[in-house]
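**Q** just coords:
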């Protein structure tokens, strides 16, 4: 999340996971703020899906639900806009059309599953103090920021994901972004959420929607905030180095050219 003209620095789930996956990538993206040379097709697809779901959820929240055809039409427009305005890195020559077909199928499934969903908030932005009431930890230098896809009137946090493979329950249970959203919900509303639902749109050969339930507790918030404190300490000390444990991530990294110049590989 980019915030212009802010008086205090911020820290987000994306910043946290970027640093943990590769501190040098964090340096290029957030310290130097270098633009991406190209947009990965998965990122463009996820952006188009999220904007389409947001369109549907806003209509549900406003009491004027759109039709399935309206949802698919919105996705077609968002996908076309992404292709026209971004230099997208395709993995094969047919991927653009393939993702259009899969996105349509996935959103049709999503519509049938969530057409009665009742949001109380959509694309909910928050800015909160980095404070752990349980341990007393307070990170004064930054605020915690983020944006939840939607929160229902019944107290469910609904997060939308797109993926090429089916995620595991364990992956969902330890997901740091979801921990951050649960923490934010309790700070904003003063009560625990009823549940966290992750709707994963799996763009496999046979596209399907996977719904995963998860929950968080005070221990998870303490772990998250202490982890954030240590990561911020490393950033403030200028500790930026490449993570070469996952060569596939390096291969498709948006900053591979800068990395090769900055770091002798």
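**A** Structure's in. What do you need? Here the structure is a predicted model, which means the values were calculated and not measured.
**Q** which residues of the protein score low on pLDDT?
**A** 1-6, 264-265 (pLDDT under 70).
**Q** residue ranges for the strands of the stretch 51-200 of the chain, please.
**A** In the stretch 51-200 of the chain, the strands defined using DSSP state E, counting those that start in this stretch lie at 88-89, 119-131, 138-152, 156-163, 195-202.
**Q** how about TSV for those strands, with mean neighbour count and distance to residue 253 added?
**A** For the C-beta atoms, the positions are set from N, CA and C on the backbone; glycine is no exception. Formatted as TSV, the strands of the stretch 51-200 of the chain follow (neighbours: other CB atoms under 10 Å; distance: least, CB to CB, whole Å):
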stretch	mean neighbour count	distance to residue 253
strand 88-89	18	11
strand 119-131	17	28
strand 138-152	19	24
strand 156-163	20	19
strand 195-202	20	24
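**Q** for those, which one sits closest to residue 111?
**A** strand 195-202 (11.5 Å; CB to CB).
**Q** so how far is that closest one off the chain centroid?
**A** Chain-centre distance of strand 195-202: 12 Å, with CA atoms, centre = their mean, to the nearest Å.
**Q** for that strand, packing partners?
**A** Applying 3 or more CB pairs under 8 Å, 6 or more residues apart in numbering; DSSP states H and E, we find strand 195-202 packed against helix 95-114, strand 156-163, helix 176-189, strand 208-214.
**Q** out of the ones you listed, which comes closest to residue 29?
**A** Residue 29 lies closest to helix 176-189 among those, at 16.6 Å (CB to CB).
**Q** what separates the closest one from the chain centre, distance-wise?
**A** With CA atoms, centre = their mean, you get 14 Å for helix 176-189.
**Q** ok, residue 40 - contacts?
**A** Counting by CB atoms under 8 Å, 6 or more residues apart in numbering, residue 40 touches 88, 89, 252, 254.
**Q** With distance to residue 228 as extra columns, can I get these in JSON lines?
**A** What follows is the contacts of residue 40, written out as JSON lines (distance: CB to CB, whole Å):
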{"residue": "88", "distance to residue 228": "32"}
{"residue": "89", "distance to residue 228": "31"}
{"residue": "252", "distance to residue 228": "26"}
{"residue": "254", "distance to residue 228": "24"}
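**Q** for residue 70, what are its contacts?
**A** 55, 59.
**Q** From residue 244, how far out is it?
**A** 46 Å (CB to CB, to the nearest Å).
**Q** cool, and residue 36?
**A** Distance of residue 36 to residue 244, given as CB to CB: 20 Å.
**Q** Same check on residue 134?
**A** 36 Å.
**Q** Out of the helices and strands packed on strand 195-202, which is closest to residue 122?
**A** strand 156-163 (9.7 Å).
**Q** neighbouring strands for that closest one, and are they parallel or not?
**A** The pairing partners recorded for strand 156-163 under DSSP bridges are strand 138-152 (antiparallel), strand 195-202 (parallel).
**Q** and the angle for it with helix 176-189?
**A** Interaxial angle of strand 156-163 relative to helix 176-189 (axes from the mean of the first three to the mean of the last three CA atoms, to 10 degrees): 160 degrees.
**Q** Could you list the residues in contact with strand 156-163?
**A** 42, 45-46, 49-50, 53, 106, 114, 117, 119, 148-152, 167, 177-178, 181-182, 185, 193-203.
**Q** same thing but 6 Å
**A** 46, 49-50, 53, 149-151, 181, 185, 193-202 (CB atoms under 6 Å, 6 or more residues apart in numbering).
**Q** Centre of the chain to that strand, how far?
**A** 9 Å.
**Q** Ok, which of the helices and strands packed on strand 195-202 comes nearest residue 240?
**A** When those are compared by CB to CB, helix 176-189 sits nearest residue 240, at 19.8 Å.
**Q** Return the set of buried residues in the closest one.
**A** Using 16 or more other CB atoms under 10 Å as the test for burial, helix 176-189 gives 176, 177, 178, 179, 180, 181, 182, 183, 184, 185, 186.
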